[in-house]
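quick one: sequence and predicted model below, then my questions.
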Amino acid sequence: MTVYFKWLDEYSLGVQEIDDQHKFMFQLANEIQFSELSDGKKYADKLYNYTKWHFSVEEKYFSELKSPHLMKHMEMHNILLEGLVSIMDDGLSTYEDLEKLKAYYLKWLVEHILYQDRKAFREQLAR
């Protein structure tokens, strides 16, 4: 299943640096969605490295604000990265593997960025 990810202003969290990173993650999601099998590992590596860095930025943001969301967010980030590593460890040698990566990232964007991040940032900014 191929899905196109379109960034909408309503997804913004109100923190420009993190919003810009999320926009890039949507672009990366589209690259992955429309990639060939031969590029699967390259995109999985790119996703892992960028996301690990991005998560550190979010966690630093919450830490500096002494946010009650820090620990929960760190746990979610670890779970997301572990899931990605599991997919990468299984290999990306078949179209089924690539579809697994695509589906995982779709779920990640919807559940984490569009729900968990938005919820945590709204609550944090309202403090």
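Perfect, I can see it now.

who are the contact partners of Ser12?
Shown in contact with Ser12 (Cβ atoms under 8 Å, 6 or more residues apart in numbering): Asp19. In short, each C-beta sits where N, CA and C put it, glycine included.

give me the pLDDT for Ala120.
Among the per-residue scores, Ala120 shows a pLDDT of 87.

Met74 is in contact with that one, correct?
No: judged on Cβ atoms under 8 Å, Ala120 makes no contact with Met74 at a distance of 11.5 Å.

show me which of the two is the more surrounded one.
Set Ala120 next to Met74 and count neighbours by other Cβ atoms under 10 Å: Ala120 wins out with 20 against 15.

what helices or strands is the helix or strand encompassing Phe55 leaning on?
Element membership for Phe55 (DSSP states H and E) is helix 40-64. If contacts are counted by 3 or more Cβ pairs under 8 Å, 6 or more residues apart in numbering; DSSP states H and E, helix 40-64 sits against helix 16-33, helix 70-90, helix 95-108.

so what does the second one touch, helix or strand wise?
Just to be clear, that refers to helix 70-90. Using 3+ Cβ pairs under 8 Å, 6+ apart, helix 70-90 is in contact with helix 40-64, helix 95-108.

and the longest one, how far from the chain's centre?
Computed by Cα atoms, centre = their mean, to the nearest Å, the chain-centroid distance of helix 40-64 equals 7 Å.

list the buried residues of that helix.
Neighbour-count burial for helix 40-64, with 16 or more other Cβ atoms under 10 Å as criterion, is recorded at Gly40, Lys41, Tyr43, Ala44, Leu47, Thr51, His54, Phe55, Glu58, Glu59, Tyr61, Phe62.
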